[in-house]
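>>> Prediction below, plus the sequence it came from.
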Amino acid sequence: MSSPPAAARRKRPANRRELIVDAAALLFADSGFENIAMSDVAAAVGVGPSALYRHFTGKDDLLRAAIEQTLDRFASTLDGPDVLVAVADFAVGRRTAPLLWVREARHLPRPQRLDLAARLDQLCEAFAVATSGDAPSFGARLRARTALAALLSPAFHSTTLPADEFRATLVGIAEAVLSVELEVPAPPPIPASKGLSRGSKREQILVAALRIFADQTYASTGMEEIGEAVGLSTSSVYNHFSSKLEILEVALHRANGYLQVTLDDTLLAASDEAAALRTLVAVYAEFTLRHPTLVDILVTEVRTLGAQAEPLVQAQRDYVSEWVRLCRAAQPTLTREQALVTVQATLMAMNDIARDDPFSDVRQLSVPLATIAVAALGLSG
């Protein structure tokens, strides 16, 4: 039997590299870089693994390309006349893209991570200029960074709305944030103060592990490394925790416990739903700014617990649901989905500010951040 003519043979698409990057971006965002192999990406594109290596040296190279591509697409939203609408359209249309630079970039070698972080900082500054004018003040940057985090928040939850309504809701939140009249002076440079630490070795292990998890991911951290950070042998660390998974679980449940207790205290002391929501915002802003490492772990590593995460995830859903209930009582015109999108945007915006070093000074920013978050919830009046 003769071979088919050349014209009938399957041609290699001219944009195969882009198709590979798109497929990898979706897989990394959905399942995590550490859980995806090059063969998974090849299967998603419908090629053999060897085809990937014609374009990329390995999985790290592919992840870097995926992040760079999402940043390129995000950058293109900052050039038009209506930046808020363009960014909202990006957030709804390429919903998981921010997960790559927030969660997965930490898997890259440190020099590459720093380069990507520097580019993201430049794009955030471009957004601030586009929304606040040239040479924005520190306060304007804080508002712009909060508005941008709110716009990109759909990456971190699954609530959805019809596309037009989704975009309009996100734009409305961003506009409310940017309209807050609040001047915030830049925090003065001061020597870092460590204060006092707990005497318990178990607590010292917990603090050190969270710091390392946040810096280089849970997956790439070993118990030996945690032990070295607190001056203990690996076997001594095991005297306090049976595994690094237990360390992560203890930390996450502790954070959840704090939020649940302060939620109860707030509801018991509140005169009405709007007052309760304002108090919760203040409590949460203070929590995020005081515990940025813990917030980072909550954002990036909950899925690491696997089946053990379900009680924690359910508790988080219940916590958010209380905010949604209060938000709808204060704003009866909101549907449940609109309120959920608004609450998630507000929480994620506060998380993002706390994880961003220039805005992490709790002494000076907890009140301004809470004021901006209240506006995001539509409660400025």
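Good, I have the coordinates. Residues are numbered from 1 along each chain as shown.

>>> What segments of the stretch 51-200 of the chain are helices?
Here the stretch 51-200 of the chain has its helices, by DSSP state H, counting those that start in this stretch, at 59-76, 83-93, 97-99, 110-132, 138-151, 163-178.

>>> possible to save those helices as TSV with mean neighbour count, distance to Tyr284 and mean pLDDT?
Placement of C-beta: from N, CA and C, glycine included. Formatted as TSV, these follow (neighbours: other C-beta atoms under 10 Å; distance: least, C-beta to C-beta, whole Å; pLDDT from 0 to 100):
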stretch	mean neighbour count	distance to Tyr284	mean pLDDT
helix 59-76	19	27	97
helix 83-93	20	22	98
helix 97-99	23	21	95
helix 110-132	16	22	95
helix 138-151	25	13	95
helix 163-178	20	16	97
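
>>> out of those, nearest to Gln314?
helix 97-99 (21.6 Å; C-beta to C-beta).

>>> helices and strands around that closest one, which ones?
helix 16-31, helix 59-76 (3 or more C-beta pairs under 8 Å, 6 or more residues apart in numbering; DSSP states H and E).

>>> what about Leu210, which SS state?
Using DSSP: H, G, I helix; E, B strand; the rest coil, the three-state assignment for Leu210 comes out as helix.

>>> so it makes contact with Ile297?
Yes: the criterion here is C-beta atoms under 8 Å, and Leu210 meets it with Ile297 at 5.8 Å.

>>> shared neighbours of those two, anything?
Common neighbours of Leu210 and Ile297 are listed as Ala251 (criterion: C-beta atoms under 8 Å, 6 or more residues apart in numbering).

>>> one step back: redo the helices of the stretch 51-200 of the chain as TSV? Include distance to Gly199.
Formatted as TSV, the helices of the stretch 51-200 of the chain follow (distance: least, C-beta to C-beta, whole Å):
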stretch	distance to Gly199
helix 59-76	40
helix 83-93	46
helix 97-99	38
helix 110-132	32
helix 138-151	37
helix 163-178	42
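
>>> nearest to Ser236, of those?
Going by C-beta to C-beta, the one of these nearest Ser236 is helix 110-132, 28.0 Å.

>>> For the closest one, name the packing helices and strands.
helix 59-76, helix 83-93, helix 138-151.

>>> Next, the angle helix 138-151 makes with the shortest one.
Between the direction of helix 83-93 and that of helix 138-151, the angle (axes from the mean of the first three to the mean of the last three C-alpha atoms, to 10 degrees) works out to 30 degrees.

>>> helices or strands next to helix 83-93 in the packing?
helix 59-76, helix 110-132, helix 138-151, helix 163-178.

>>> In a markdown table, list the helices and strands packed on helix 110-132 along with distance to Ala269.
As requested, those are arranged in a markdown table below (distance: least, C-beta to C-beta, whole Å):
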| stretch | distance to Ala269 |
| --- | --- |
| helix 59-76 | 42 |
| helix 83-93 | 36 |
| helix 138-151 | 26 |
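
>>> Can you say which of those helices is nearest to Ser158?
helix 83-93 (13.1 Å).

>>> Quick one: distance of that closest one to the chain centre.
17 Å (C-alpha atoms, centre = their mean, to the nearest Å).

>>> What lies in contact with it?
Helix 83-93 is touched from outside by 73-74, 77-78, 80, 97-98, 127, 130-131, 147-148, 151-155, 163, 166-167, 170-171, 174-175, with contacts defined as C-beta under 8 Å, 6+ apart.

>>> what do you get for stretch 72-81?
Surrounding stretch 72-81, the residues in contact under the criterion C-beta under 8 Å, 6+ apart are 83, 86-87, 89-90, 94, 97, 123, 126-127, 130.

>>> again, 10 Å this time
For stretch 72-81, the surrounding residues in contact (C-beta atoms under 10 Å, 6 or more residues apart in numbering) are 83-91, 93-94, 97-98, 101, 119-120, 122-124, 126-127, 129-131, 148, 151-152.

>>> which regions of the chain lie under the pLDDT threshold?
Filtered on pLDDT under 70, the chain yields the residue ranges 1-12, 188-194, 360-362, 381.

>>> Spatially nearest residue to His240 (excluding sequence neighbours)?
Arg202 (4.3 Å; C-beta to C-beta, 6 or more residues apart in numbering).
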